[in-house]
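Chemist: Requesting a structural model of the entry that follows:
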Amino acid sequence: MGIIMPVEKTYDALKEKIKELEQELARRIQSEKKYHQLFQNTTTGIGVADHQGNILEYNDAMLNPGGYSREDISNINNINELYYNQEDRDRILKIAKEKGSVHEEHVKFRKKDGAPYD
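Modeler: Numbers count the residues shown, from 1 in each chain. Now for the predicted structure:
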């Protein structure tokens, strides 16, 4: 047999738990807003792709150096198309697999017109 609690205590416990969860949700929403602002407003281009090369997220600063628009990026099938040298992509993937993330690695990207840029 389980423990039987009076209805009032159960109701009060549920109300308190709901209040805690609502507060946690509000904190997470605020944190997400701060992250999104930082991500979008930084002058450094940031892009996130999965291991298959699908572009998941990117900021506007990533668009400018290559002359891309958001529409251009949405039409790109794979992030490999943005790398000037496939060897750079392979090296970045190797680092990501070994370390779990990539920071400050030099690569050449491909502009919309096909020219390389850093």
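
Chemist: quick one: strands adjacent to the lowest-mean-pLDDT helix or strand in the chain?
Modeler: Least confident helix or strand, the chain: strand 47-49 with a mean of 88, by mean pLDDT, DSSP states H and E. Within its sheet, and counting by DSSP bridges, strand 47-49 is paired with strand 55-58 (antiparallel).

Chemist: and the partner strand, which residues are buried?
Modeler: 55, 58 (16 or more other C-beta atoms under 10 Å). C-beta coordinates here come from the backbone N, C-alpha and C atoms, glycine included.

Chemist: and what of stretch 58-74?
Modeler: Those would be 58-59, 61-63, 66, 68, 73, for stretch 58-74 by 16+ other C-beta under 10 Å.

Chemist: So which of those is the closest to Lys34?
Modeler: Ranked by distance to Lys34 (C-beta to C-beta), the buried residues of stretch 58-74 are led by Asn59 at 14.6 Å.

Chemist: Look up how far Ile92 lies from the closest one.
Modeler: 18 Å (C-beta to C-beta, to the nearest Å).

Chemist: what's the burial count for Ile92?
Modeler: Residues lying near Ile92 (other C-beta atoms under 10 Å) number 16.

Chemist: ditto for Leu82
Modeler: There are 22 residues near Leu82, going by other C-beta under 10 Å.

Chemist: ok, the residue nearest to it when sequence neighbours are not counted - contacts?
Modeler: Leaving aside its chain neighbours, Leu82 sits nearest to Phe109 (5.4 Å; criterion: C-beta to C-beta, 6 or more residues apart in numbering). Phe109 makes contact with 65-66, 82-84, 116-118 under the criterion C-beta atoms under 8 Å, 6 or more residues apart in numbering.
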